[in-house]
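Peer 1: sequence? don't have it. structure:
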């Protein structure tokens, strides 16, 4: 008799042919079901509980790891950009401190200085000397900007208030995207002049040197959210990004933003000190959730296999013990019947003895 027939016999065979005083105590079908359910719950619930905890802990650890990597990448990238700007700002400061105002007004001298800056640092497009009235009295570069008056320009007014100033990206008279690094220097007569250098493509393409994941993005915006460098997600320079500008903070921060197309981006950002720039590193969360989803799928498979094994084991053990209990109970009842029969025969014998005696 195979196992299926045995189980079927367990559920169909009864003891109606035996005199029971309390039949429900011998409902082995119900007993089997109760034992099977309780044993399965006791074994499976902790397994599922700890599997869910492991899944949650793994997901949280992965999120923190991604945030930390984004944080470090943003911080390191900000130092790279800050060094690029500070190096050129200090170079201009050195130029004005080592050269007289009269020398800087000389065309040959300014041309030589620009060439030296290009050879040493790279990235410089032109160099100009602007007096306190906003007039560019000397200029070296590819554009015809000598004699231009910048008195009404916002950057000129800010540069006059500060010793060193870096503009955000703008078009200006040349109608080409560029930024200006401006150094203010006092002269002996109590006046001052500005030495202005501009950078074009070198700054715009600065972040292209960073090694970011395939779906990652790195770009710079100004305080108004206008792109200063191209972005994979938000387009060309001068586009406005559709992300709320984060609150100013001296530390590197990481935030998560969700969009209508179900895209979730992890964004690291930092305000670059003494500049109008905010550096942002963007990563697609799906790129990092793939390993977690795969491990979750594997865990789910192993969980199903474990539950199946537990149910199979519980099924077998419950069947074994219930059948043993039934057999034991059956023997007990048979013994009780035999005892009752013996008592009956003894009573008949005593009755016959009494009759014979009479």
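Peer 2: The structure has been received and is ready for your questions. All figures in this text were calculated on a predicted structure; none of them were measured in a lab.
Peer 1: please identify the buried residues of stretch 277-289?
Peer 2: Residues of stretch 277-289 classed as buried by neighbour count (16 or more other Cβ atoms under 10 Å): 277-285, 288-289. (C-beta placed from N, C-alpha, C; glycine too.)
Peer 1: keep only those of the residues you listed that are in strands.
Peer 2: 277-284 (DSSP state E).
Peer 1: and the least confident of the residues you listed?
Peer 2: Lowest in pLDDT among these is residue 284, which has 81.
Peer 1: three-state assignment of the closest residue to that residue other than its chain neighbours?
Peer 2: Among residues not flanking residue 284 along the chain, residue 215 sits closest, at 4.2 Å (Cβ to Cβ, 6 or more residues apart in numbering). Here residue 215 is coil, with the state taken from DSSP: H, G, I helix; E, B strand; the rest coil.
Peer 1: where do the strands of the stretch 151-300 of the chain begin and end?
Peer 2: 164-166, 179-186, 192-199, 217-222, 253-258, 264-271, 277-284 (DSSP state E, counting those that start in this stretch).
Peer 1: now render those as JSON lines, adding distance to residue 123.
Peer 2: Formatted as JSON lines, these follow (distance: least, Cβ to Cβ, whole Å):
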{"stretch": "strand 164-166", "distance to residue 123": "13"}
{"stretch": "strand 179-186", "distance to residue 123": "10"}
{"stretch": "strand 192-199", "distance to residue 123": "5"}
{"stretch": "strand 217-222", "distance to residue 123": "15"}
{"stretch": "strand 253-258", "distance to residue 123": "29"}
{"stretch": "strand 264-271", "distance to residue 123": "22"}
{"stretch": "strand 277-284", "distance to residue 123": "16"}
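Peer 1: and those: which comes nearest residue 246?
Peer 2: Closest approach to residue 246 among these (Cβ to Cβ): strand 264-271, 5.5 Å.
Peer 1: run the chain-centre distance for the closest one.
Peer 2: When distances are taken as Cα atoms, centre = their mean, to the nearest Å, strand 264-271 is centred 10 Å away from the chain's centroid.
Peer 1: number of residues surrounding residue 151?
Peer 2: 13 (other Cβ atoms under 10 Å).
Peer 1: that one: what's it in contact with?
Peer 2: Contacts for residue 151 (Cβ atoms under 8 Å, 6 or more residues apart in numbering) come out as 133-135.
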